[in-house]
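Trainee: sharing a model that was predicted from the sequence below.
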Amino acid sequence: MSVHDYLIDHRSFDWPSLFAEWTWLVPSEFTVWLMNRFGDLFLVFDNGSIQMLDIGAGSLTQVANSRDDFRAKVDEDDNGNYWFMIPLVDQLVAAGITLREGQCYSYKKPPVLGGDYSVENACVLPIAEHYGAFGSIHKQIKDLPDGTQVVIKIGK
């Protein structure tokens, strides 16, 4: 197993466009370092810290003090499985659900709205749709108390 089996090559992506719905959470200065197959990102901030942007949860969390610290921590406890979603990606691949260029795994029902991390709740989306939809959802609900009922309306 290689960690690259759980990552997406993100070098050619239009990050300003992809982050359009995330400016409320993500600062303007950072470097995109790694992207897992669910579109979650590991960002390097100016102070060298590694922050994980969890697209499903709508959260930005420091996971390491530096790239070297990240490399050490990825093998601790269950960090690698969690950060790269290894068990779920393996289940999706075994079920024949694979990605093409420009796609990532996503969720039918967002985890922040009660969706689970399962094959049954997973789907494949173009990366731009994944970032746009989830950024918009999280932006709209970020100030609501836990347990608030919401209605999602999808329109053009």
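Mentor: Great, that's in hand. Numbers count the residues shown, from 1 in each chain.

Trainee: what residue ranges in this structure score low on pLDDT?
Mentor: 1, 150-156 (pLDDT under 70).

Trainee: one more pass at 90, please.
Mentor: Where the chain drops to pLDDT under 90, the residues are 1-5, 28, 110-114, 134-156.

Trainee: quick one, what contacts the residue minimising distance to the centre of it?
Mentor: Nearest to the geometric centre of the chain sits Asp40, at 2.0 Å (CA atoms, centre = their mean). Counting by CB atoms under 8 Å, 6 or more residues apart in numbering, Asp40 touches 52-56, 83, 85. The C-beta positions use only the backbone N, C-alpha and C, and glycine is treated the same way.

Trainee: now do Ile55
Mentor: Taking CB under 8 Å, 6+ apart as the criterion, Ile55 is in contact with 38-41, 130-131, 134-135.

Trainee: cutoff 10 Å now
Mentor: Applying CB atoms under 10 Å, 6 or more residues apart in numbering, we find Ile55 in contact with 22, 35-36, 38-41, 104, 106-107, 110-112, 127, 130-131, 133-135, 138.

Trainee: so what's the closest residue to Thr31 other than its chain neighbours bridging to?
Mentor: Leaving aside its sequence neighbours, Thr31 sits nearest to Val44 (CB to CB, 6 or more residues apart in numbering; 4.4 Å). Judged by DSSP bridges, the bridge partners of Val44 are Thr31, Ile50.
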